[in-house]
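Asks: need a 3D model of the following:
(one chain, ligands or ions: 1)
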Amino acid sequence: LIKIFYILLLLLMNSELQRGNCPPFWYSFRGRCYKYSSTVCHRGTNLVSIYSLDEENFVKSLIMNFDPAQGYSWIGLSDIHEEGSWMWSDGCPVKFVFWSAGQPDNYKELEHCGHVNYETALKWNDIDCSNLFSSVSGTLKNSSCNSFNFHFNTISTTSVL
Ligand SMILES: [Ca+2]
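Replies: As a prediction, the model looks like this:
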């Protein structure tokens, strides 16, 4: 019975994800396209930047759709260029934040990349950029921000539906 409920829940969540005008395997939210990747972020696209609680919740639902365990996923958040100065990988400034309590803490001074779904509150944490997580990509919101590159490693955390 629990399994049936779980499948129904997954179907319900699937129906909430809209393709819109996005390419195959990308999902639409308020005019932008998003993709969950359990392997590696596509070349030529950016890790997602998150500008609002609505968008944070959408990104979380996208991850949950493919990974019901809601594992850590990279978003385009980094202070690798200047400690404590958090930037989105699309070059846009960070205005909305969703840090977990006590984060970012730059533990052992090794944490320069942000991920989602930290601890039970499922908020953001800074962590060593060399960690292997899944990732969420997003199309640009504002092309006037200058893109800069930093390297993320990603690895499969779950099988894709
Ligand atoms: Ca941390």
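Asks: only the buried residues of stretch 95-114, if you could.
Replies: Neighbour-count burial for stretch 95-114 flags 98, 99, 100, 103, 104, 111, 112, 113, 114 (criterion: 16 or more other C-beta atoms under 10 Å). C-beta coordinates here come from the backbone N, C-alpha and C atoms, glycine included.
Asks: following the strand or helix carrying the last one in sequence, what is the next regular element?
Replies: By that I understand residue 114. If you go by DSSP states H and E, residue 114 is part of strand 113-118. Next along the chain after strand 113-118, taking DSSP H and E as the criterion, comes strand 123-127.
Asks: remind me what the following helix or strand past that next one packs against, helices and strands.
Replies: Using DSSP H and E, the helix or strand that follows strand 123-127 in sequence is strand 132-138. Under the contact criterion of 3 or more C-beta pairs under 8 Å, 6 or more residues apart in numbering; DSSP states H and E, strand 132-138 touches strand 32-37, strand 46-47, helix 53-66, strand 73-78, strand 153-154.
Asks: strand 132-138 versus helix 53-66: what angle between them?
Replies: 130 degrees (axes from the mean of the first three to the mean of the last three C-alpha atoms, to 10 degrees).
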